[in-house]
Structures are given as structure tokens and as C-alpha cells.
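After the sequence you'll find the predicted model.
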Protein chains: 2
Amino acid sequence: MSIHLIVLEMKKLLGSLDHCLDKAVAYGSERKFDANVLLQSRLAPDMFSLLRQIQAACDQAKYAASRSAGKEPPAHPDNEASIDDLKKRIGAVVAYLGTFTAADFDGVESRTVSLPRWEGKKMPAADYFVEHAMPNFFFHFTTAYAILRHNGVPVGKRDYLGAISYK
Amino acid sequence: MSIHLIVLEMKKLLGSLDHCLDKAVAYGSERKFDANVLLQSRLAPDMFSLLRQIQAACDQAKYAASRSAGKEPPAHPDNEASIDDLKKRIGAVVAYLGTFTAADFDGVESRTVSLPRWEGKKMPAADYFVEHAMPNFFFHFTTAYAILRHNGVPVGKRDYLGAISYK
């Protein structure tokens, strides 16, 4: 199985997140509140807010792809302040993930990844993808969904998974 | 990258979940409540309780491995009623996932998966793994973690990710 397949899944799930944000805006309209207030919501006082969860999900998907492919990712300065801003950020990462081809991941077995906070330690790129980037992506993506759900936004498992390609 | 690598990651993450349940029990002792009350907690009234989230995370990991490898999985009747019961269920699935080798997934490209509720539709086993089993696993696993966190259990990202194998 190619890492590319999982990168495409992350791209799809970021599309789901964008769709869930649309549902949050519609829910706000219906209930007469500004959906942007949800961005400061969190499940515990020492967890990231929805805003940070979405930024982190975007970053983890971006880094999962770029570091496995040995490419320099685009920078995103975390300056979003509204759902509109976050939808643009998601759109930028979805577009970036769309630039990868299966061939970009061919050399993953020979690559290593090292993050600044690892103090010189490193790991094979495939292990980084599976042990670090992918679970971190799902952590922030799922928590973002859970915050919306906890606040009454009418999203369900289908909004999370998106369309399944059985035929 | 082998599907086996991701199955081993799911196995590791179920170990993290077991560890988080230990922390929940310790937190209950410290705060003088029965940690089993957490099993009925949920983030929204129409979401699964912690009990069901953990059962579902176990099932998704089990099915991810067995269906990709073309094997019949062991049955688990969802009769758990306590944290002790759930720890046994997790232990059984961790042991089951440990029986797989990389070679078990060699034929994944030629396998298809079809679930009863798909009404005769099917999909390639690798697509099933990436589009269905894996995100469903992370959905239930992360939501279980979030329910504990939301209830004050002192778990953090390291408890979620477990040890990272950089060197």
C-alpha cells in the first residue's frame, strides 16, 4: 500500500472538516448565534480550542506528506481568526496535498525525519508517518469534530468519513 | 509501506487506551468515585458512550487486520459492563493483532471486502482499510480519549501517542 493512499485520505477528511464547518455556520444561522464563537470552545480547559485543533490537523497532514516525500512544505503562520479564515487554510492544505503523486513517496524507505524538539534524534520516514504524523492528524481532526458535536452542531459519522468508494 | 505497520500502530494505540483506563481508575480512587461511572459518559446525547466507543475501537482494529488479511476474526459479543471487562477485551484484541505478520497482508491487492449493510457492494481491501476501518478506528479511539479528558482524567497527548521510536 502506498503512503499516497493515506495522504489522499487525509485530503478527503480535511474536505469533511470543511463541510462540518459549513454545517456549524448553518447551525449558527438557524439558532441565531455567530458560529465563530465555537472556535474558542474546547473539551477541557487544558486542551486546544477548536481553532487550534483545526490548525494542528492541517499542519499534521501537511507534514505527513511533505516529510515522507522529502519536500519543503509551505508555511502557514497560524493567524486565522474566523471560520472563513480556517476554510481558506484547509483549502490551501487540500490543494497542497493534491500536488503529490504516488511516485513522490517512492523513496520513503531511505528517508529519515528529525524534528527540532527531538534534540538530534531521528526516525525512518515511514515510522514517522505511522507513529507520529498520522495519529496526530487523527487526534486533532477527530477532536475538532467532537467539539462541534459536543456543541450541538448536527454532524454525524457520515460527515466525518465522507463518501466511501464501494461499488 | 506495509499495512502490517499500521496494524501494529493500532495495537500500540489500544495499549495506550488500556493505560488511559488505568489512569481513569486511579483518578477515581483519588477523587473517591467509582471510575466505572465514566463508561456511561458521552460528548453528546446521540453519540456512543465511552463503553461503546471502546468496544467499537476494538472492533475496527480487529476488522481492519482480519479483512485486509482475508481471515475470519474472533467474535466478541459486546457484553462488557466494567473497566475490568473492557481491559480484557482490549487485551484480547491486542493479542489477536499480535498474531499477524507482514506476510499476512501480501495479498491485500487482490482481496475485496463487502459488509452486510453494503447490500452487495464491495471495495478493494486496501481501500476498505484506508477509507473505512482506519478512520473508524481513530474516530472511536480518539473519542474515547476525549471523553476521559472531558471528565478530568489527567491524560495527555503522550498517553495517546505512546512512546515514539526515534533514536
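Thanks, I have it.

Quick check: A:L86 vs chain B, distance?
Distance, A:L86 to chain B, using Cβ to the nearest Cβ, to the nearest Å: 20 Å. (C-beta placed from N, C-alpha, C; glycine too.)

Would you mind measuring from that residue to A:L38?
11 Å (Cβ to Cβ, to the nearest Å).

need the strands for chain A, in chain order.
Secondary structure of chain A by DSSP state E: the strands cover A:112-113, A:123-124.

Can you spell out which helices and strands pack onto the first one?
Contact analysis of strand A:112-113 by 3 or more Cβ pairs under 8 Å, 6 or more residues apart in numbering or on different chains; DSSP states H and E lists strand A:123-124 as its packing neighbours.

Now A:E80. Its backbone dihedrals?
Note on A:E80: its backbone torsions stand at phi -70, psi 140 [degrees, to the nearest 10].

Quickly note the distance from the residue nearest to it when sequence neighbours are not counted to A:V113.
Of all residues not flanking A:E80 in the chain, A:L86 sits nearest, at 5.0 Å (Cβ to Cβ, 6 or more residues apart in numbering or on different chains). Noted for A:L86: a distance of 27 Å to A:V113, by Cβ to Cβ.

How about A:V7?
15 Å.

Compare the two and say which is more crowded by neighbours.
A:V7 (25 against 20; other Cβ atoms under 10 Å in any protein chain shown).

For the residue nearest to that one when sequence neighbours are not counted, list the residues it contacts.
Leaving aside its chain neighbours, A:V7 sits nearest to A:A65 (4.7 Å; criterion: Cβ to Cβ, 6+ apart). Contacts here follow Cβ atoms under 8 Å, 6 or more residues apart in numbering or on different chains; on that basis A:A65 touches A:7, A:10, A:71, A:73, A:96-97, A:100.

ok, now with 6 Å
A:7, A:97, A:100 (Cβ atoms under 6 Å, 6 or more residues apart in numbering or on different chains).

what about chain A, any weak spots by pLDDT?
Applying pLDDT under 70 to chain A flags no residue at all.

The longest helix out of those in chain A packs against which elements?
Secondary structure assigned by DSSP state H gives helix A:3-31 as the longest helix of chain A. Here helix A:3-31 touches helix A:50-69, helix A:83-97, helix A:134-150, going by 3 or more Cβ pairs under 6 Å, 6 or more residues apart in numbering or on different chains; DSSP states H and E.

what's the distance between the longest one and the middle of its chain?
If I follow you right, that is helix A:50-69. Here helix A:50-69 shows a centroid-to-chain-centroid distance of 5 Å under the convention Cα atoms, centre = their mean, to the nearest Å.

what's the angle between it and helix A:3-31?
Helix A:50-69 and helix A:3-31 are oriented at 170 degrees to each other (axes from the mean of the first three to the mean of the last three Cα atoms, to 10 degrees).

Helix A:50-69: which residues count as buried?
A:50-69 (16 or more other Cβ atoms under 10 Å in any protein chain shown).

residues in chain A within reach of chain B, list them.
A:1, A:3, A:5-6, A:9, A:43-44, A:118, A:121-123, A:126-127, A:130-132, A:135, A:138-139, A:142-143, A:146, A:149-150, A:161, A:164-167 (Cβ under 6 Å from any Cβ of the partner chain).

switch the cut-off to 7 Å
For chain A, the contact set with chain B under Cβ under 7 Å from any Cβ of the partner chain comprises A:1, A:3, A:5-6, A:9, A:13, A:43-44, A:47, A:108, A:118, A:121-123, A:126-127, A:130-132, A:135, A:138-139, A:142-143, A:146, A:149-150, A:160-161, A:164-167.

how far away is the spatially most central residue of chain A from B:L38?
Chain A has A:A57 as the residue nearest its centroid, 2.8 Å off, counting by Cα atoms, centre = their mean. In this structure, A:A57 and B:L38 are 26 Å apart, going by Cβ to Cβ.

deepest of the strands of chain A, which one?
strand A:123-124 (a mean of 18; mean count of other Cβ atoms under 10 Å in any protein chain shown).

Show me what it is packed against.
Applying 3 or more Cβ pairs under 7 Å, 6 or more residues apart in numbering or on different chains; DSSP states H and E, we find strand A:123-124 packed against strand A:112-113.

Listing partners with orientation, what would you give for the strand it packs on?
Applying DSSP bridges, strand A:112-113 is found paired with strand A:123-124 (antiparallel).

A:V155: neighbour count?
So A:V155, with other Cβ under 10 Å, has 21 neighbours.

Report the contact partners of the closest residue to it other than its chain neighbours.
Leaving aside its chain neighbours, A:V155 sits nearest to A:C20 (4.9 Å; criterion: Cβ to Cβ, 6+ apart). With contact set as Cβ atoms under 7 Å, 6 or more residues apart in numbering or on different chains, A:C20 has these partners: A:145, A:148, A:155, A:159.
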